[in-house]
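Student: Next one to model:
(one chain, ligands or ions: 1)
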Amino acid sequence: LRPLPALPDRPADADPLGVLGVPGQINLDHAASAPCARAAADAVAELLPWYASVHRGAGALSRRCTLAYERARQTVGDFLGARADDHVIFTRNTTDAVNLLARALPAGTTVVTFAGEHHANLLPWPRGSVRLPVPESPAAAVRALDAALGELRRVDAGNEPAPRSAAPATNPARPGPPVLVAVTGASNVTGERWPVAELARVAHRHSARILVDAAQLAPHAPVDLAALDVDYLALSGHKLYAPFGAGVLVGRSDWLDAAPPYLAGGGATGHVGAATHDVRWTTGPARHEAGTPNLLGAVALAAVCAALTEADRDALHAREQRLLARLREGLAALPHVVELRTFAPEAPRVGIVSFVVAGRDSAEVAAHLATAHQIGVRDGLFCAHPLARRLLAEAAARSGRRDLPPTALRASIGLGSTAEEVDRLVAALAAVG
Ligand code: PMP
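Tutor: I've put the predicted structure just below:
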């Protein structure tokens with residue numbers, strides 16, 4: 001690897017979490033996994049000597065670990081604006097959280113999504129789910145959802161009495177089985193933000209519930225379930241400056257308490273008898289957390305949530321938006337680079353940009369950035385194949401270029417990213433043309 005001139009120190013205001021990193025390596029791949037915050041590493045280091053089982057021991061170490069785990073649940077719930085009757089369930093990541101909710105749906109639930117979702121919010125849903133086309137604007141998304149839910153209600157109303165669900169829908173007056181709307185808060189491909197509060201309002205007007213996949217939104221902006229009036233939220237700790245292995249599903253307790261346990265096993269039971277099926281499952285988060293829990297993951301995630309609560313998130317957001325504008329302006333000035341986007345260029349976004357280099361294979365460009373410039377970005381279709389393919393076709397049509405590659409590149413910024421890093425990426429791409 002060619003040695004590079006040293007980067008200037010990170011300005012203190014860039015990164016109140018003190019994210020860890022490797023000097024000389026430019027990480028512009030926060031959307032895949034963000035670096036670990038010092039607060040998370042410290043919380044883990046502090047607890048390690050106390051390492052003992054959670055919910056399963058009477059010793060002082062075990063009691064402290066149980067307390068730390070339940071405090072972590074409280075901290076994460078508070079950070080996300082959980083309501084008193086919400087459950088905060090620790091999962092492995094967003095994929096796990098969405099799959100958990102998919103298994104907890106009352107019988108006959110129809111799920112409505114958009115084709116622009118990450119696979120984690122497309123594939124877990126049952127057959128018969130409705131997948132709406134990618135809308136051309138946030139307002140069009142709201143209109144499309146309104147129309148689709150209205151249509152579902154008309155169909156339900158015309159049917160025979162609906163199967164009784166295991167738990168009541170949000171509004172029991174709604175005819176027919178429950179409906180869940182599942183949308184992202186911010187796209188992992190374009191960074192574009194979805195109008196979550198408006199979509200929630202529409203969903204509730206039609207007596208549907210709404211899940212927000214906050215994997216990409218939560219690292220960039222405060223997310224408050226109660227304020228947004230969102231029913232369920234899923235996120236991954238490893239995109240929120242915590243280590244791998246802990247995520248969360250937060251939301252309404254009734255469906256979750258009525259559903260079969262996500263995993264069957266120890267910790268999820270109230271009573272187990274001698275007969276094969278003599279089991280009473282517990283209610284509460286433990287119902288879906290069978291097996292010894294990931295204490296360190298939960299505590300690390302909670303430490304980040306606490307640190308972000310203390311941070312000036314408006315200032316962080318403003319700084320990120322300045323860097324994002326710098327990156328997009330830099331890319332727009334390169335005639336051989338075409339950005340991928342769903343909405344108009346000025347639509348609100350988090351610090352994620354996907355693009356292609358005309359005439360160049362995206363995997364080769366990514367490898368070149370890594371080896372010649374120590375810049376880490378992602379290439380591919382970003383686990384959102386329907387959306388990425390559509391946006392690649394749209395980019396070809398918009399740019400009039402016939403030499404765009406079949407996969408894309410993605411640069412994503414986060415805490416600690418600097419203008420110097422952004423400029424290095426743009427300069428490296430300029431030289432690739
Ligand atoms: N949703 C979105 C919007 C994502 O960006 C990702 C990760 N790329 C996921 C869900 C899945 O997250 P995980 O791999 O941590 O389960």
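Student: For the rest of this, base every contact and every neighbour count on C-alpha atoms.
Tutor: Noted.
Student: Touching, residue 409 and residue 379? I think so.
Tutor: Yes. Using C-alpha atoms under 8 Å, residue 409 is in contact with residue 379, at 4.3 Å.
Student: can you map out the strands along the stretch 101-250 of the chain?
Tutor: Counting by DSSP state E, counting those that start in this stretch, the stretch 101-250 of the chain has strands at residues 110-114, 130-132, 179-184, 209-213, 232-236, 247-252.
Student: For those strands, give me JSON lines that also has mean pLDDT, distance to the ligand and mean neighbour count.
Tutor: Below are these laid out as JSON lines (pLDDT from 0 to 100; distance: least, C-alpha to the nearest ligand atom, whole Å; neighbours: other C-alpha atoms under 10 Å):
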{"stretch": "strand 110-114", "mean pLDDT": "98", "distance to the ligand": "12", "mean neighbour count": "23"}
{"stretch": "strand 130-132", "mean pLDDT": "97", "distance to the ligand": "16", "mean neighbour count": "16"}
{"stretch": "strand 179-184", "mean pLDDT": "98", "distance to the ligand": "6", "mean neighbour count": "26"}
{"stretch": "strand 209-213", "mean pLDDT": "98", "distance to the ligand": "6", "mean neighbour count": "26"}
{"stretch": "strand 232-236", "mean pLDDT": "98", "distance to the ligand": "5", "mean neighbour count": "29"}
{"stretch": "strand 247-252", "mean pLDDT": "98", "distance to the ligand": "7", "mean neighbour count": "26"}
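Student: coming back round to it: now do the shared contacts for residue 409 and residue 379.
Tutor: With contacts taken as C-alpha atoms under 8 Å, 6 or more residues apart in numbering, residue 409 and residue 379 have 362, 363, 366 as neighbours in common.
Student: This protein against the ligand: which residues are in contact?
Tutor: 32, 93-95, 118, 120, 184, 187-188, 213, 215-216, 236 (C-alpha under 6 Å from any ligand atom).
Student: So which of the shared contacts of residue 409 and residue 379 is surrounded by the most neighbours?
Tutor: Greatest neighbour count in the shared contacts of residue 409 and residue 379, by other C-alpha atoms under 10 Å, goes to residue 362: 23 neighbours.
Student: how far away is residue 104 from residue 263?
Tutor: Using C-alpha to C-alpha, to the nearest Å, we find residue 104 at a distance of 11 Å from residue 263.
Student: When those two are compared, which one has more neighbours?
Tutor: residue 104 (21 against 13).
Student: Leaving out chain neighbours, which residue sits closest to that one?
Tutor: Setting aside the residues directly before and after it, residue 104 is nearest to residue 259 in space (C-alpha to C-alpha, 6 or more residues apart in numbering), at 4.8 Å.
Student: Surely the one you found and residue 100 touch.
Tutor: No. Counting by C-alpha under 8 Å, residue 259 stays clear of residue 100, with 9.9 Å between them.
Student: what residues are shared contacts of those two?
Tutor: Residues touching both residue 259 and residue 100 (C-alpha under 8 Å, 6+ apart): none.
Student: Could you tell me how many residues sit around residue 310?
Tutor: Neighbourhood size, residue 310 [other C-alpha under 10 Å]: 11.
Student: wait, I meant residue 152
Tutor: The burial count for residue 152: 18, using other C-alpha under 10 Å.
Student: rewinding a little: check contacts around the residue nearest to residue 104.
Tutor: 103, 104, 105, 106, 166.
Student: Next, give me the two most distant ones among the residues you listed.
Tutor: 103 and 166 (12.4 Å; C-alpha to C-alpha).
Student: and the end-to-end length of stretch 369-381?
Tutor: 18 Å.
Student: Once you drop chain neighbours, what's closest to the residue in the stretch 101-250 of the chain positioned nearest to the ligand?
Tutor: For the stretch 101-250 of the chain and the ligand, the shortest gap (C-alpha to the nearest ligand atom) falls at residue 188, measuring 4.3 Å. Excluding the flanking residues, the one nearest residue 188 by C-alpha to C-alpha, 6+ apart is residue 216, at 6.2 Å.
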